[in-house]
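[1] have a look at this prediction, sequence included:
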Amino acid sequence: MNAQSHKETRGFQTEVKQLLHLMIHSLYSNKEIFLRELVSNAADASDKLRFEALTQPELLEGGAPLRIRIEADPAARTLTIDDNGIGLSRDEAIAHLGTIAKSGTAEFLKNLSGDQKKDSNLIGQFGVGFYSAFIVADQVDVYSRRAGLPASEGVHWSSHGEGEFEVETIDKPERGTRIVLHLKEGEEGYTDGWQLRSLIKKYSDHIGLPIELQKEHHGEEADKPATPEWETVNRANALWTRSKSEITDEEYKEFYKHIAHDPADPLAWTHNKVEGKLEYTSLLYTPGRAPFDLYHRDAPKGLKLYVQRVFIMDQAEQFLPLYLRFIKGVVDSNDLPLNVSREILQSGPVIDSMKSALTKRSLDMLEKLAKDQPEAYAGFWKNFGQVLKEGPAEDFNNREKVAGLLRFASTHDASGEQSVALADYIGRMIEGQDKIYYLTGESFQQVKDSPHLEVFRKKGIEVLLMTDRIDEWLMSYLHEFDGKSFVDIARGDLDLGKLESEEDKKAQEEVAKTKEALVTRLKTALGEDVAEVRVSHRLTDSPAILAIGEQDLGLQMRQILEASGQKVPDSKPVFEFNPAHPLIEKLDAEADSGRFNDLAHVLFDQAALAAGDSLKDPAGYVRRLNKLLLELSA
């Protein structure tokens, strides 16, 4: 079959149709992003060729220097972006240009809001940068050939950005990809050399290979050279290899946007060169917002890995622990072999040493952000706080450092914001306090009104209020901070130590002795529902609460296990009552055993509800409550 005759028309994936409609009809707030995305794609294609050529040098096809060329034709109203990178085969062109290959298609479309500026910011993040060409073009032609394929297996892909695209096999002597944009009326400005230079300097100056524009000649036609002359517009050296003093904040920000495909500025960055026993350079960033797939287990994560400035892989996850998976950046090593693979990266003294150092640098970056820009850190915490809470369980060596970065709500702040650092809490401890008190629950509203807090309010003791699903699990690994141990105020028999006087303790013991008979009656009435019944020292206003056994799972952990289909160990709560409460006094005076039993169960169920738990027998609770209400109204 003649190569030119192999032509077909295909339909776009449904999601691409929706996306193209958005591009063509909605995104006018920042049109110039199309050039940033197409240049970034061309740079990625060159990186991929460098990597594959490590084991298949024949792919370089003679070794012509890698570069990106941009050519404008004002008369034809076209703009061409040409690279000599890895290129596309026919099947790859159909697969990559006809579908959104990324796993987050549904999330991408769900995130589209109709707000032009916000939606344009999603484009690169979701791996759909190529389609941004249709913001300014009413036809896009792609001519490509994958390195290693014969010239007769080139491919021409063409579309008007509607429901279909055409693809045909062509002859293409050079490897790589040439994208021709047929600009819409009114978009002729993108053929202007001065504007193109400005956009390349703005968005792509950091890219580590030459971006070339055709030289402009302003004299007579006869003075033009027979063959085009090209000039490099960008610096064309890897940004991380330059001295920190030479790099502006804007350059750092643009480089982040390139590697993270995130148009928002990063919150912070750290750039370091290590020399000595190990030699490597790292440039790490803290993003300003969370990616859509932060909690997807199979989501790509990790740093871009270079060895001696040769790109090796996009997501090298071995250099940072999982709880720092949001950190973006580049690591360039002189101590790894050029043929490094994911298997080689799994372990070894070089990898372990780099991981330890990069983890510390990342945590130092976050500490500095928290200290110097507390408002920015508060935004970071809202986006990534729950991920950082995985740290104490995963990273024993840095447990104290991670704990210092954690933020919680507390009784000190009625807003419910997670803004309290452990160091702040310790700084506000009252005289005689040597423990950090906390309470977990389902919501801030539930924990802030919990009866467990009553004695702490009375004594002016601050309590951390933890409402994230991960918190109880976190605290099972975080036992102390700065020499102060943590105490769950809903667990075990509360002992306030030096915060209670000897007189208070003696008075509590005397009250407990006078209520021994009531304890026995309650234990008989509640039976198998409770592990123990005792007089409470926690309560000042409520009649009763349920405490958790020292070794038992709390409500959060039980719910996590149940949601994952795991068996939850049997446990029973401790029923504590307030001997001074009028309802308890009435209960103590109740002679009728049936009525006593009903009152005891109503108090037990109310305590369960106050703790955020569900009732085992809701119908029984309603029946008993209605019975008591009828007796009151009789």
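    Great, that's in hand.

[2] after the lowest-mean-pLDDT helix or strand in the chain, which helix or strand is next? Please name it.
    Scoring the helices and strands of the chain by mean pLDDT, DSSP states H and E places helix 116-120 at the bottom, with a mean of 47. Next along the chain after helix 116-120, taking DSSP states H and E as the criterion, comes strand 137-145.

[3] and the next helix or strand past that following strand?
    Strand 137-145 is succeeded, C-terminally, by strand 154-159 (DSSP H and E).

[4] tell me the strands beside that next one, with direction?
    strand 137-145 (antiparallel), strand 164-170 (antiparallel) (DSSP bridges).

[5] can you give the contact residues for the first one?
    Think strand 137-145. For strand 137-145, the surrounding residues in contact (CB atoms under 8 Å, 6 or more residues apart in numbering) are 79, 87-89, 93, 97, 133-134, 151, 153-161, 170, 172, 174-184, 187. Heads up, the C-betas are built off the backbone N, CA and C, glycines and all.

[6] may I see the ChimeraX selection of the buried members of these?
    Only the buried entries of the contacts of strand 137-145 go into this ChimeraX selection, using 16 or more other CB atoms under 10 Å:
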select :79,87,88,89,93,97,133,134,153,154,155,156,157,158,159,160,161,170,172,174,175,176,177,178,179,180,181,182,183,184,187
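
[7] where does the stretch 501-634 of the chain dip in pLDDT?
    Low-confidence segments of the stretch 501-634 of the chain (pLDDT under 70): 552-556, 558-564, 566, 568-569, 633-634.

[8] strands along that one, start to end?
    Per DSSP state E, counting those that start in this stretch, the stretch 501-634 of the chain carries strands over the ranges 532-535, 544-547, 574-577.

[9] then the stretch 251-400 of the chain?
    According to DSSP E, counting those that start in this stretch, the strands that the stretch 251-400 of the chain contains are 268-274, 280-286, 303-307, 310-316, 328-333.

[10] same deal with the stretch 1-150 of the chain?
    Going by DSSP E, counting those that start in this stretch, the stretch 1-150 of the chain shows strands at 7-11, 68-73, 78-83, 137-145.

[11] figure out which of the ones you listed is closest to R407.
    strand 68-73 (43.6 Å; CB to CB).

[12] partners of that closest one, with directions?
    With DSSP bridges as the test, strand 68-73 pairs up with strand 78-83 (antiparallel), strand 211-214 (parallel).

[13] buried sites along the helix or strand following the shortest one?
    Which is strand 211-214. Note on strand 211-214: by DSSP H and E, the next helix or strand toward the C-terminus is strand 230-232. Using 16+ other CB under 10 Å as the test for burial, strand 230-232 gives W230.

[14] what lies in contact with strand 230-232?
    So strand 230-232 is contacted by 69, 210-215 (CB under 8 Å, 6+ apart).

[15] ditto for stretch 54-66
    Against stretch 54-66 from outside (CB under 8 Å, 6+ apart): 46, 49-50, 52-53, 83-86, 147-148, 175, 209-210, 310, 338-339.

[16] G163 and H156, how far apart?
    19 Å (CB to CB, to the nearest Å).

[17] right, and Y438 touches E462 too?
    No. Assessed by CB atoms under 8 Å, Y438 is found out of contact with E462, at 10.0 Å.

[18] circling back: go through the strands paired with strand 154-159 and name the closest to F577.
    Across those, closest to F577 is strand 164-170 (CB to CB), at 73.7 Å.

[19] quick one: the closest one to strand 7-11, angle?
    Counting by axes from the mean of the first three to the mean of the last three CA atoms, to 10 degrees, strand 164-170 lies at 150 degrees to strand 7-11.

[20] most tightly packed of the strands paired with strand 154-159?
    strand 137-145 (a mean of 21; mean count of other CB atoms under 10 Å).

[21] including mean neighbour count and distance to S204, could the strands of the stretch 501-634 of the chain go into CSV?
    Below are these laid out as CSV (neighbours: other CB atoms under 10 Å; distance: least, CB to CB, whole Å):
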stretch, mean neighbour count, distance to S204
strand 532-535, 18, 69
strand 544-547, 25, 62
strand 574-577, 24, 65
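
[22] which one of these lies nearest to N334?
    strand 544-547 (58.3 Å).

[23] ok, P618 to A611 distance?
    15 Å.

[24] the two: who's more crowded?
    Neighbour totals were compared for P618 and A611, and A611 leads with 22 against 10 (other CB atoms under 10 Å).
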